[in-house]
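Chemist: need a 3D model of the following:
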Amino acid sequence: MPTQLQDAVVQPIPQNPPTRKPGVFIVHGGDLHIIFAPSASDGRPRLEYRDSSRTLTFSGDQIRTLDTDIGTMVTVTIQLIPDVGNTSFTLIVPRVNLQSPEIQISTFGVTTHNRTPFTLIPDQGQAQTYKVKELHGVVQAAV
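Modeler: Sure, this is the predicted structure:
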């Protein structure tokens, strides 16, 4: 007489496809277009920033990254004016579970205007202002 174990059909446990490493993030919002490769062909990060008036390319040490609870903050300086201040752009790169060659993402970028005091005694008030931009696009798997 067969037992329940002998009658049971063994079903394989479904396996998720292996997670792929992100190769490039391509996002845009309005006139802002960003391409970020965490590790370009030379092994260093690369970021292209394009808005209505300019295209800037950054690589290696020009790109600052910080892992946070909301994702990786990727920051570049897009304008530097001595004795006045600078403007930086920060892309929030979300964590992704990439099992296909490409997936859709939504994130945001922050443009920060940093005011540098011209005198030895700083002006009173806020020294940084922010502009937040919603961004949409794709992340493509590394090849």
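Chemist: how about Arg50, nearest residue that isn't a chain neighbour?
Modeler: Distances taken as CB to CB, 6 or more residues apart in numbering place His33 nearest to Arg50, at 4.3 Å, with adjacent residues excluded. Yep, even glycine has a C-beta here, placed from its N, CA and C like the rest.
Chemist: show me what contacts the one you found?
Modeler: 27, 48-51 (CB atoms under 8 Å, 6 or more residues apart in numbering).
Chemist: go again using 10 Å as the cut-off
Modeler: His33 is in contact with 26-27, 48-51, 55, 135, 137, counting by CB atoms under 10 Å, 6 or more residues apart in numbering.
Chemist: just the ones of those in strands?
Modeler: Of the contacts of His33, the ones assigned to strands by DSSP state E are 26-27, 48-50, 55, 135, 137.
Chemist: and the contacts of His33, which is closest to Ile103?
Modeler: Gly137 (10.1 Å; CB to CB).
Chemist: spatially nearest residue to that closest one, not counting backbone neighbours?
Modeler: Nearest residue to Gly137, sequence neighbours excluded (CB to CB, 6+ apart): Val27, at 3.5 Å.
Chemist: contact partners for the one you found?
Modeler: 33-36, 91-93, 105-109, 133-139.
Chemist: again with Ile35
Modeler: 24-28, 46-50, 57, 137.
Chemist: buried ones from these, can you make that a PyMOL selection?
Modeler: In PyMOL, a selection of the buried entries from the contacts of Ile35 looks like this (16 or more other CB atoms under 10 Å):
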select buried, resi 24+25+26+27+46+47+48+49+137
